[in-house]
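Visitor: dropping the sequence and predicted coords here.
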Amino acid sequence: MSFLLVPALSACTSKVFDGPMQLSGKWVSSDTLNLGHDTYMNHCMQCHGIDGDGKGPASPGMKPPPRSFRYGKAPYGEGSGVFIKFANVTSGEMPNDDDLKRIVRYGLRGTPMLPWDISDERLEAVVQYIKTFAPTAWKEPGATPVKLTSDPWTGREQEAIALGKKLYHGVAQCFSCHPAYASLEEISAASKEFTGNPIDSIRENPHLSENQDSSYGVKFMPPDFTKSWIRSGNKASEIYRLLGAGVGGTTMASWKTTLSMTGDEKEAEERLWAVAHYVESLHQLKYDDKARQTFFTELNAKRAAK
């Protein structure tokens with residue numbers, strides 16, 4: 001969890017826990033918790049702090065700041081909001097062990113939270129240990145994971161991207177927080193096509209992201225998908241999971257089942273996947289300066305024309 005070089009773990013473990021603890025609805029042995037403590041102190045403490053408060057010696061100046069593990073789901077922890085942002089549960093609900101393990105194993109792109117290549121045993125142990133910073137919040141099992149479906153656009157990605165662009169701007173109106181990647185005329189036409197209502201105006205500076213509040217005591221800037229990192233993954237499947245669950249403790253709510261005007265679940269899923277493909281296509285511009293420049297030159301010409 002820290003990008004600093006740290007000493008190799010010793011074969012022995014500290015005797016911090018004398019007995020088991022009930023965490024996430026199951027009893028965790030003292031041996032596992034002690035191994036987790038040692039793993040945390042060697043790999044995580046430098047950023048997240050000895051007390052799990054996010055104030056480790058390497059934390060000053062980090063953006064975003066390291067997560068405080070003393071924050072549990074309100075009203076249990078020291079702070080408000082959910083425990084972690086990128087969990088496969090509906091935004092606002094407690095995550096599962098698989099969510100924590102995925103973040104430790106694969107990291108969060110564009111942040112100091114890098115992937116950690118540790119054994120499965122230590123991964124399990126450190127995940128259980130960090131719960132001990134807010135044991136009351138972690139007493140019960142995590143929420144039911146958001147149901148994920150198969151990509152219905154395989155082999156038809158360009159069709160998905162075209163639909164996703166309309167949904168992004170005309171239905172979800174993602175430009176309320178993220179940048180708009182279409183002219184007002186295109187946005188209005190998409191809104192009229194899907195909702196029956198054209199759009200006469202949008203917020204000031206729609207080419208920029210809009211700073212947002214969070215439950216973590218800091219503001220955050222929603223990503224410009226053409227230049228910012230998508231922290232939980234940049235593939236369509238990873239973006240789809242993020243859109244479906246939302247980002248806990250932020251204004252990025254779950255979009256699961258919301259993109260169908262009639263409430264049709266199958267249609268909503270197809271559209272959610274379409275938006276994921278569109279966002280993925282935008283993010284590919286991050287790695288191609290020439291293509292990104294051409295994209296915005298053409299977009300700005302459309303905006304200037306009106």
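Guide: Happy to help now that I have it. Since this is a predicted model, take the numbers as computed values, not measurements.

Visitor: need phi/psi at Pro198.
Guide: phi -70, psi 170 (degrees, to the nearest 10).

Visitor: that one: neighbour count?
Guide: Close neighbours of Pro198, defined as other C-beta atoms under 10 Å, add up to 15. Bear in mind the C-beta positions are built from the backbone N, C-alpha and C, glycine included.

Visitor: list the contacts of it.
Guide: Pro198 is in contact with Ser188, Ala189, Ser191, Lys192, counting by C-beta atoms under 8 Å, 6 or more residues apart in numbering.

Visitor: from Tyr278, how far off is Leu100?
Guide: Separation of Leu100 from Tyr278 (C-beta to C-beta, to the nearest Å) stands at 29 Å.

Visitor: closest one of the contacts of Pro198 to Gly19?
Guide: Taking C-beta to C-beta as the measure, Gly19 lies nearest Ser191 of the contacts of Pro198, at 59.3 Å.

Visitor: ok, the residue lying closest to that closest one once chain neighbours are set aside - contacts?
Guide: Excluding the flanking residues, the one nearest Ser191 by C-beta to C-beta, 6 or more residues apart in numbering is Gly170, at 4.0 Å. By C-beta under 8 Å, 6+ apart, the residues touching Gly170 are Ile187, Ala189, Ala190, Ser191, Lys192, Glu193, Phe194, Thr195, Ile199.

Visitor: swap the cut-off to 7 Å and go again
Guide: Ile187, Ala190, Ser191, Glu193, Phe194 (C-beta atoms under 7 Å, 6 or more residues apart in numbering).

Visitor: pull out the buried residues from these.
Guide: Ile187, Ala190, Ser191, Phe194 (16 or more other C-beta atoms under 10 Å).

Visitor: okay, those residues in CSV with secondary structure and pLDDT next?
Guide: As requested, the buried ones among the contacts of Gly170 are exported to CSV (DSSP: H, G, I helix; E, B strand; the rest coil; pLDDT from 0 to 100):
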residue, secondary structure, pLDDT
Ile187, helix, 97
Ala190, helix, 98
Ser191, helix, 97
Phe194, helix, 96
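
Visitor: now the helices for the stretch 1-150 of the chain?
Guide: With helices called from DSSP state H, counting those that start in this stretch, the stretch 1-150 of the chain shows them at 30-43, 45-48, 97-106, 120-131.

Visitor: which one of those helices lies nearest to Glu270?
Guide: helix 97-106 (25.4 Å).

Visitor: show the average pLDDT along stretch 234-251.
Guide: Model confidence over stretch 234-251 averages 93 on the pLDDT scale.

Visitor: quick one on the thing from earlier: quick one: which of Leu100 and Tyr278 has more around it?
Guide: Neighbours per residue (other C-beta under 10 Å) separate Leu100 from Tyr278, with Tyr278 holding more: 26 against 22.

Visitor: what helix or strand is the more buried one located in?
Guide: According to DSSP states H and E, Tyr278 maps onto helix 265-283.

Visitor: any residues touching the following helix or strand past that helix, and which ones?
Guide: Downstream of helix 265-283, the next assigned helix or strand under DSSP H and E is helix 289-305. Helix 289-305 has contacts (C-beta under 7 Å, 6+ apart) with Tyr181, Ser183, Thr226, Leu285.

Visitor: how close does Glu210 get to Pro64?
Guide: 17 Å.

Visitor: of those two, who's got more company?
Guide: Pro64 (19 against 16).

Visitor: picking up where we left off before, could I get the buried ones among the contacts of Gly170 as a markdown table with distance to Met252?
Guide: Below are those laid out as a markdown table (distance: C-beta to C-beta, whole Å):
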| residue | distance to Met252 |
| --- | --- |
| Ile187 | 20 |
| Ala190 | 21 |
| Ser191 | 21 |
| Phe194 | 21 |
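
Visitor: not counting sequence-adjacent ones, nearest residue to the most centrally placed residue in the chain?
Guide: Geometric centre of the chain, nearest residue: Phe86, 3.6 Å, by C-alpha atoms, centre = their mean. Excluding its sequence neighbours, the residue lying closest to Phe86 (C-beta to C-beta, 6+ apart) is Ser232, at 4.3 Å.
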